[in-house]
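> how would this look folded up:
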Amino acid sequence: MAYLHKSGACFVLPGVMLGCLSFLYIVGGAAPEASYCKSWVKAWTVETVADFVAALGPSFQQHASAFRSLQVDGSLLLELTEEDLQKDFQIGSGFHRRRLLQAIFS
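Residues are numbered from 1 along each chain as shown. Next comes the predicted model:
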């Protein structure tokens, strides 16, 4: 089941997120330009980013609080690297780091 978060974040339940292009295709919208998707994500608030991370599944809820406490908004989210996730967010699992990056940039 897909829904559009009030802030413009797109999620698919339970615990799976689709990128902007995939989500719009599934709900029947026209595929936007990649720059439109980036501007959409850049507008996300800190709370929206935390919701996005938590929606990836139960094991990611602990990471959502780190995104919230470090005040990561949509603009900063788009700049994160695997090194950032390991050092600044203390995400030790390589799988979790890859899953987060895949969800952010899909």
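
> could you pull out the strands for the protein?
2-4, 10-12 (DSSP state E).

> rank these by pLDDT, which is bottom?
Of all those, the minimum mean pLDDT falls on strand 2-4 (a mean of 40).

> so where's this structure shaky on pLDDT?
Across the chain, the ranges flagged by pLDDT under 70 are 1-37.

> Longest helix in it, please.
Longest helix of the chain, by residue count under DSSP state H: helix 94-105.

> contacts for that one?
Outside helix 94-105, the residues that touch it by CB atoms under 8 Å, 6 or more residues apart in numbering are 17, 19, 52-53, 56, 59-60, 63, 77-78, 80, 82, 85-86, 91. Bear in mind the C-beta positions are built from the backbone N, C-alpha and C, glycine included.

> Restricted to helices, list those residues.
Judged by DSSP H, the contacts of helix 94-105 include 52-53, 63, 77, 82, 85-86 as members of helices.

> Separate out the buried members of these.
Neighbour counting with 16 or more other CB atoms under 10 Å marks 52-53, 63, 77, 85 as buried within the ones in helices among the contacts of helix 94-105.
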